[in-house]
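Chemist: Kindly generate the corresponding structure for this input.
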Amino acid sequence: MIDEATFRRVSDRALESLKQSLIAAEEEGGFEAEEKNGVLNVLFEDDSAKFVFTPNTPVRQVWISAQSTSFKLDWNDERHAFTLAKTGEDLMALTQRLLREHLQNDSISLS
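Modeler: All right, here's what the predicted structure looks like:
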């Protein structure tokens, strides 16, 4: 497990990068990204749902609450990214997939 200081640094960087990608995709996506107190929220224009991204320091994971599911991503040193063990997806790829599924729009792209 990575130490707390490293976790805070890499999780802050990962969530900031995700936030910037979400902001860039907002116009065509039908959603809005906002950050409050270190928690990143994705709100949908039709009020159908909300995705919540939270760094969980005690267990050194980034948690995503979306589609009535909790996704827990661990830091992967080899890939330098938070990844979901079950699928191997990193934070950006998983978020893109969840957005595409929720909005039924395969053109949404996060980079």
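
Chemist: drop to CA atoms for contacts and neighbour counts, all remaining ones
Modeler: Fine.

Chemist: Report the buried residues of stretch 47-60.
Modeler: Within stretch 47-60, the residues that count as buried by 16 or more other CA atoms under 10 Å are 50-55, 60.

Chemist: In JSON lines: those residues, plus pLDDT.
Modeler: Listed next are the buried residues of stretch 47-60 as JSON lines, based on pLDDT from 0 to 100:
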{"residue": "50", "pLDDT": "95"}
{"residue": "51", "pLDDT": "97"}
{"residue": "52", "pLDDT": "98"}
{"residue": "53", "pLDDT": "98"}
{"residue": "54", "pLDDT": "98"}
{"residue": "55", "pLDDT": "97"}
{"residue": "60", "pLDDT": "98"}
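
Chemist: I'd like these as JSON lines, with distance to residue 103 and secondary structure appended.
Modeler: JSON lines is the format used below for those (distance: CA to CA, whole Å; DSSP: H, G, I helix; E, B strand; the rest coil):
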{"residue": "50", "distance to residue 103": "12", "secondary structure": "strand"}
{"residue": "51", "distance to residue 103": "12", "secondary structure": "strand"}
{"residue": "52", "distance to residue 103": "16", "secondary structure": "strand"}
{"residue": "53", "distance to residue 103": "18", "secondary structure": "strand"}
{"residue": "54", "distance to residue 103": "22", "secondary structure": "strand"}
{"residue": "55", "distance to residue 103": "25", "secondary structure": "strand"}
{"residue": "60", "distance to residue 103": "30", "secondary structure": "coil"}
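
Chemist: wait, doesn't residue 60 sit right on residue 6?
Modeler: No. Using CA atoms under 8 Å, residue 60 is not in contact with residue 6; the gap is 9.5 Å.
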